[in-house]
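Student: Give the three-dimensional model of this entry:
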Amino acid sequence: MVEHSISGLDDVFHALADPTRRAMLASLRDGERSVGELAAPHRISLAAASKHIKTLERAGLVKRTIIGRTHRCALDPAPLADADAWLRRYSAFWTERLDALDILLRADDPPPSSTDIGNPST
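Tutor: Numbers count the residues shown, from 1 in each chain. Sure, this is the predicted structure:
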């Protein structure tokens, strides 16, 4: 079960690694799009767009329906929530590290003395 979850995350992060696929996902936030509509802003062929969409489908981020000859794509945000949950586990780690760095940096700066106040040369 854990291996399947890790594999799913791998697929999501692989899908998100490409700027064209991220742009396609952003476009799908506003609703369904055809493959042609997803391809148009990127000046790529329908075949290339289809390959990108297949990667998004494999990650579970996109659902495709076929109506006649038209392929319609819709966003499925559930895998993004899983990726977000995985990333949030590291949030506490980085918050602690940055807080510790802040304390160290502040410790190196002596507090201003009363003679420094109002003195423009300091």
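Student: which residues make contact with stretch 7-20 from outside it?
Tutor: Contact with stretch 7-20 is made by 21-22, 25, 42, 44, 52, 55-56, 58-61, 79-80, 82-83, 86, as judged by Cβ atoms under 8 Å, 6 or more residues apart in numbering. Just so you know, the C-beta spots here come from the backbone N, C-alpha and C atoms, and that holds for glycine as well.
Student: Quick check on those: which are buried?
Tutor: 21, 25, 52, 55-56, 59-61, 79-80, 83 (16 or more other Cβ atoms under 10 Å).
Student: quick one: low-confidence parts of this structure?
Tutor: Of all residues in the chain, those with pLDDT under 70 make up the ranges 1-6, 109-122.
Student: could you redo the last one with a cut-off of 80?
Tutor: 1-7, 108-122 (pLDDT under 80).
Student: So for this structure, the centremost residue is which one?
Tutor: Leu16 (6.2 Å; Cα atoms, centre = their mean).
Student: Which stretches in this structure count as strands?
Tutor: 33-34, 62-67, 70-75 (DSSP state E).
Student: Would you format those as CSV with distance to Leu101 and mean neighbour count included?
Tutor: Below are the strands of the chain laid out as CSV (distance: least, Cβ to Cβ, whole Å; neighbours: other Cβ atoms under 10 Å):
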stretch, distance to Leu101, mean neighbour count
strand 33-34, 44, 18
strand 62-67, 40, 13
strand 70-75, 38, 16
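Student: closest to Ala92 out of these?
Tutor: When the strands of the chain are compared by Cβ to Cβ, strand 70-75 sits nearest Ala92, at 29.1 Å.
Student: Could you pull up phi and psi at Arg43?
Tutor: Backbone dihedrals for Arg43, given as degrees, to the nearest 10, come out at phi 50, psi 50.
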